[in-house]
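[1] dropping the sequence and predicted coords here.
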Amino acid sequence: MYENTTEKILNAQNGDKDEMAKLIEDNNGLIWSIVKRFSGRGYELEDLYQIGVMGFIKAIKRFDTSFEVRLSTYAVPYILGEIKRFIRDDGPIKISRSIKELSIKILELKKEYLNKTGEEISLKQISEKLKIPKEEIAMAIESTNPVDSLEEVSYTDHKSDKTISILEKISTGEDEQTLISNKLTVKKLIEELQEKDREVILLRFYKNKTQTQVSKILGISQVQVSRTERKILNNMKKALMS
């Protein structure tokens, strides 16, 4: 529904204000669908919409077509994150019952799939099984995650025995607060990885496995694990720096 051509996105990234305005107009439905989740909080929806637009513009500027992710899916955590940060200035956010119920369904489905297959279920698979758009699935997942969850996800560097978070791994040392605020984006990128790439990251950073252990589990060489990990982390770094 919210399809946009690569050409339009690149033009907007290069400063074409008309193209940027057209992308915002084309994705009005997406932005409003997220804004309406926060109705009844004592804020004017029009004000929240403007905040959501700011998040959407950030998503456009940082979008990389090489990720093979739809702009609408990529933009959800940006829009949601901007609105949540805005509301947090005045107090904690109360998640609606419908989002909580959907989140519970997603959690149950994730556990069931993991128990049956030993693998993490993808965003697309969840969407197909629950017959709910991926944007809504992503919104439900992100809205109930604690804001520091990604920072706590870490693995041990066996060369130094130091525990390292993904944010530290991809950090450039510049504007750390900005990188931390983008943790939702990193989580989203992980969910959108191809299955084999996602397994490498999950085993390395979530299961605390060494590259050698990962190579044995996945039946690939340690060199392939190292190259895959480096490629993914570099892509994430580019997404946060762009």
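    Happy to help now that I have it. Fair warning: this is a prediction, and the values are worked out from it, not measured in the lab.
[2] can you get me a residue count around N11?
    Using other CB atoms under 10 Å, N11 has 17 neighbouring residues. Where you see a C-beta, it was placed from the backbone N, CA and C, and this is true even at glycine.
[3] now it. Nearest residue, chain neighbours left out?
    Once flanking residues are discounted, N11 sits nearest to E19: 4.1 Å by CB to CB, 6 or more residues apart in numbering.
[4] now do the SS call for that neighbour.
    Following DSSP: H, G, I helix; E, B strand; the rest coil, E19 is assigned to helix.
[5] residue contacts, it?
    Taking CB atoms under 8 Å, 6 or more residues apart in numbering, we find E19 in contact with K8, N11, A12.
[6] can you tell me the element R41 falls in?
    Counting by DSSP states H and E, no helix or strand carries R41.
[7] wait, isn't it in contact with I87?
    Yes. With contact defined as CB atoms under 8 Å, R41 reaches I87; the gap is 6.5 Å.
[8] look at those two and report which has more neighbours.
    Remark: of R41 and I87, I87 carries more neighbours, 18 against 15, as counted by other CB under 10 Å.
[9] kindly provide the distance from that one to K209.
    Plainly put, I87 is 38 Å away from K209 if you go by CB to CB, to the nearest Å.
[10] over to D64?
    To K209, D64 is 27 Å away according to CB to CB.
[11] so for these two, which residue has more residues nearby?
    Here D64 and K209 are set side by side on neighbour count (other CB under 10 Å), and the busier one is K209, at 20 against 16.
[12] looks to me like the more buried one is in a strand.
    No. K209: not assigned to a strand; according to three-state DSSP it is coil.
[13] so which helix or strand takes in E120?
    Following DSSP H and E, there is no helix or strand that holds E120.
[14] contact partners for the residue most central in space within the chain?
    Centrality entry for the chain: nearest residue to the mean C-alpha point is K188, 1.7 Å, by CA atoms, centre = their mean. Counting by CB under 8 Å, 6+ apart, K188 touches T73, Y74, V76, P77, A138, E142.
[15] ok, so of those, who is nearest V223?
    Ranked by distance to V223 (CB to CB), those are led by Y74 at 30.2 Å.
[16] any idea how far that closest one is from N27?
    For Y74 relative to N27 (CB to CB), the value is 11 Å.
[17] same thing with E135?
    Using CB to CB, one gets 10 Å for the distance from E135 to N27.
[18] for Q13, see how far away the residue nearest to N11 is.
    9 Å.
[19] same check on I232?
    Distance of I232 to Q13, computed by CB to CB: 22 Å.
[20] same check on L48?
    L48 is 25 Å from Q13, by CB to CB.
[21] ditto for R37
    As judged by CB to CB, R37 and Q13 stand 28 Å apart.
[22] what do you get for Y113?
    From Y113 across to Q13, the span is 36 Å (CB to CB).
[23] tally of neighbours for L193?
    The burial count assigned to L193 is 21, neighbours taken as other CB under 10 Å.
[24] now it: how far from T228?
    10 Å.
[25] same check, this time on V214
    9 Å.
[26] pull up the overlap in contacts between the two.
    V200.
[27] the nearest residue in space to Q211 that is not next to it in sequence sits in which helix or strand?
    In this structure, Q211 finds its nearest non-sequential neighbour in V225, 4.6 Å apart by CB to CB, 6+ apart. According to DSSP H and E, V225 maps onto helix 222-241.
[28] list phi and psi for S39.
    The phi/psi pair for S39 (degrees, to the nearest 10) reads phi -70, psi 150.
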